[in-house]
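> fold the following for me, if possible:
(chains A and B)
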Amino acid sequence: MSTATDGTVRTLPDVPAEELLEWLADMTLIRTFEQTADGLALRGKIPGGMHPAIGQEAIGVGAARALRDTDIMTGTHRSHHHALAKQLPAAEVLAELYGKASGINGGRGGSMHLADFDRGLWGSNGIVGGGLGVALGAALGARVRSTGQVVIGFFGDGGANIGRVWEFVNLAAIWKLPLIVACENNLYAVETASKAMTGGGDIAARAGGFGLPSMSVDGQDVVAVHAAVGAAADRARTGAGPTFLELMTYRYMGHNSGEVIRYRTTDEVAQWRASRDPIENFAALLTDAGILDPAALARIDETAADVVARAVTFAEEAPWPDPFTAADNVSSLSNEWGYPR
Amino acid sequence: MSEPIDDAAAAAQVTYSAAYQQGMREEMERNPDVFVIGTDLYDRGGHFGQVKNLGPEFGADRIRDTPISEAAMVAAGVGAAMNGARPVVDLNFMDFAYGAMDEVVNQAAKMRYMWGRPVPLVIRGTAGVAQGGAQHNNSLQSWFMNTPGLAVVFPSRPWDSKGLIKSALRGEDPVIFMMHKLLTGVRGPVGDADELVRIGSARIVRPGKDVTVITYGHGVVLAEQAERTLHQHDIDVEIIDLRTLAPLDVETVLDSVRRIGRAIVLDEAPPLAGPAAAVVAAIQDGAFWYLDQPVVRITARHSPIPHSPVLMDALLPTAQQVVDAALSLARANGPQVLAG
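Numbering: from 1, shown residues only, chains lettered A, B, ... in the order given. Here you go, the predicted structure:
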């Protein structure tokens, strides 16, 4: 048991210490990756820029670690933390952000469209609410084919005001699909405070009206996220149906790299950073429990820095895709809508 | 005394809608991963009888009734298809796809390209212009054929509605399956359980030598009406039923136009950026120097569809327009001496 910087008392889950250190390492890698990639985006290395998830690391890692390798995750436009938590190699993710041939999707996806079906990431998604739809369908596929998979579909507080998100929740509820509906509430939909745009003011309460268990979870606490997702996954696997989780979190950066922030105060950001940082709080928890010491922490930081540095080299040196392949594999039927080549 | 009744031929005559249902049943028997989701399917069999009786036959898990949530239906289909199932999302009316446009265009159509993940999904809807006013008579084929990654089929007869649904359910692409309202009860022969109609293959409905009429869906009926009149004027019409709008069978169109040199493109969609525009552009690209006369394009007016039959008829292409255009083409002085 430990008291975090925000005063809440936290307990470690029944997970081997080595694994808990991996959680910390994963979150650290995500933070390091995002900080580096953000800088690269500002230098024009990432076409179209990116949406950094710095501050939201516990959600990706807590969720991924609560699921089986065969389970499925879908993400959002802000999804590097989901991808890295699902163990997509940092080098291939960064090369994808660059638009290189060695990218995880050959440069066809990019920051908002990362996928790795072997590792269970069924796509981040550039359309707000879109990833939850894919998750809904994947859960239906899991049901009709009896695969035993559980699916977690992420969206944000902005997505909670997309009408079809609630179509998805309703269908999952009436069909009792093995779906975890996961709203990452980072308080701002692009530049708009979601509170002012959300009728009733409470997303989890809204979800409860659809007849599925719904709860709000501290998304800055990887242990809490892990526990909530784990319980929802257990419930889904027994056939009891979907669960709605509102994961309360905060993004430290703007909506996109380089955004000039006028819609919140620097004090607000500083407070979250000082008291609610998911990595610092978890490191403190592990230290108090005697699992982590300064040397081990330094090794985790160094490893993350090394992996990201090698990822940058990899992305920089990776070849561009062959332009002649640009219209390949649009369809199995024809690449040129019927025109002979 | 009429001709003796051919019992076997009479038995093989089924409606356009029943032919689709027959194809669905055979594919559901063949592949346990095929299932259908949509509204009013299990008991009613769909608004056009397209899955009649399949509910009790295959059970509520495979003929799956949904709320009126088109985005959720299509999303469920997309993800299930990505996860190895063979879903058919039946929207009843294709017009309802507007409520699921992101799922169709931004999700289903792009997964293969971005991620190499096939989305073997069929989205069926009854389409075409008939009664019902402005909001149930959209020509969404123009929208969908503009989306790389989608196949768009539009059968004109029972044989093709059966053969195309079978191909769609054995392929690996998202297929927009459009069936014309006015053809729902039209009867004709169908193929057997393994008779497939290839997606992307047009059909020469009747060969001719004086003018080619290129059309699809209910346009085939109009073209056949026009042909009967033109026959009396000694004009020999070749009719091409495109059957698939994406990918277009450009080769079949160009072969015909290169042989004949005079072409009419008949389409009930509005003229801008629709099937007729695409076919005319393909002819200009691939057969311009074979043309004796400019290609004639007969389409609907650029207008929503009104309720009043008088107003509706004033907007839509007619067989008479095809007759007039063909006569005009046949009489015109082109760069070559007219055949016949």
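
> and B:Pro309, how many neighbours?
Residues lying near B:Pro309 (other C-beta atoms under 10 Å in any protein chain shown) number 9. Yep, even glycine has a C-beta here, placed from its N, CA and C like the rest.

> and it, what is it in contact with?
Neighbour list for B:Pro309: B:Gln131 [criterion: C-beta atoms under 8 Å, 6 or more residues apart in numbering or on different chains].

> how much space separates it from chain A?
Using C-beta to the nearest C-beta, to the nearest Å, B:Pro309 is found at 35 Å from chain A.

> could you do B:Leu54 as well?
Counting by C-beta to the nearest C-beta, the gap from B:Leu54 to chain A is 16 Å.

> ok, that residue touching B:Glu27?
No. Counting by C-beta atoms under 8 Å, B:Leu54 sits too far from B:Glu27 to count as a contact (10.8 Å).

> can you map out the helices along the chain?
Answering for chain A, as no chain was given. According to DSSP state H, chain A carries its helices in the segments A:17-42, A:57-66, A:80-85, A:90-98, A:130-144, A:163-174, A:203-208, A:222-237, A:266-275, A:278-288, A:294-317.

> chain B, not that one
In chain B, the helices defined using DSSP H lie at B:7-12, B:16-30, B:54-58, B:70-82, B:101, B:111-115, B:141-144, B:158-170, B:219-232, B:250-260, B:275-287, B:309-315, B:319-331.

> per-residue pLDDT, the residue in the stretch 51-200 of chain A that chain B sits nearest to?
Residue nearest to chain B within the stretch 51-200 of chain A: A:Gly137 (1.8 Å; C-beta to the nearest C-beta). pLDDT for A:Gly137: 98.

> and for B:Ala339?
Among the per-residue scores, B:Ala339 shows a pLDDT of 49.

> same deal with A:Gly338?
A:Gly338 is assigned a pLDDT of 55 by the prediction.

> spit out the contact partners of the nearest residue to A:Gly48 once chain neighbours are set aside.
With sequence-adjacent residues excluded and distances taken as C-beta to C-beta, 6 or more residues apart in numbering or on different chains, A:Gly48 is closest to A:Gly110, at 6.5 Å. Applying C-beta under 8 Å, 6+ apart, we find A:Gly110 in contact with A:Pro47, A:Gly48, A:Glu96, A:Leu97, A:Gly99.

> buried ones only from the residues you listed, please, as a PyMOL command.
Those of these that count as buried under 16 or more other C-beta atoms under 10 Å in any protein chain shown are selected in PyMOL with:
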select buried, chain A and resi 96+97+99
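
> would you convert the contacts of A:Gly110 into CSV that also reports pLDDT?
Shown next, in CSV, are those (pLDDT from 0 to 100):
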residue, pLDDT
A:Pro47, 97
A:Gly48, 96
A:Glu96, 98
A:Leu97, 98
A:Gly99, 98
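
> out of the contacts of A:Gly110, which two sit at the greatest distance?
Of all pairs drawn from those, the one with the longest distance (C-beta to C-beta) is A:Gly48 and A:Glu96, at 12.0 Å.

> could you pull up phi and psi at the nearest residue to A:Gly99 once chain neighbours are set aside?
Excluding the flanking residues, the one nearest A:Gly99 by C-beta to C-beta, 6+ apart is A:Gly107, at 4.4 Å. Main-chain torsions, A:Gly107, degrees, to the nearest 10: phi 80, psi 10.

> hang on, A:Gly107 packs against A:Ala101?
Yes. At 5.9 Å, A:Gly107 and A:Ala101 qualify as touching, with contact defined as C-beta under 8 Å.

> list residues touching both of those two?
Joint contacts of A:Gly107 and A:Ala101 (C-beta under 8 Å, 6+ apart) are A:Ala95, A:Trp320, A:Pro321.

> could you dump these to a markdown table with pLDDT, neighbour count and distance to A:Ala66?
A markdown table is the format used below for the shared contacts of A:Gly107 and A:Ala101 (pLDDT from 0 to 100; neighbours: other C-beta atoms under 10 Å in any protein chain shown; distance: C-beta to C-beta, whole Å):
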| residue | pLDDT | neighbour count | distance to A:Ala66 |
| --- | --- | --- | --- |
| A:Ala95 | 98 | 26 | 29 |
| A:Trp320 | 98 | 11 | 38 |
| A:Pro321 | 98 | 17 | 36 |
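
> A:Gly107 and A:Ala101 - which one has more neighbours?
The neighbour comparison of A:Gly107 against A:Ala101 (other C-beta under 10 Å) goes to A:Gly107, with 22 against 16.

> ok, now which ones touch that one?
Contact analysis of A:Gly107 by C-beta under 8 Å, 6+ apart lists A:Ala95, A:Glu96, A:Tyr98, A:Gly99, A:Lys100, A:Ala101, A:Trp320, A:Pro321.

> again, only this time at 6 Å
For A:Gly107, the contact set (C-beta atoms under 6 Å, 6 or more residues apart in numbering or on different chains) comprises A:Gly99, A:Lys100, A:Ala101, A:Pro321.

> could these be laid out in TSV, adding distance to B:His136?
Shown next, in TSV, are the contacts of A:Gly107 (distance: C-beta to C-beta, whole Å):
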residue	distance to B:His136
A:Gly99	43
A:Lys100	48
A:Ala101	47
A:Pro321	44
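
> farthest pair within these?
A:Gly99 and A:Ala101 (8.9 Å).

> quick one: the residue nearest the centre of chain B from chain A, how far?
The centroid of chain B falls nearest to B:Phe154 when counting by C-alpha atoms, centre = their mean (1.0 Å). For B:Phe154, the distance to chain A (C-beta to the nearest C-beta) stands at 14 Å.
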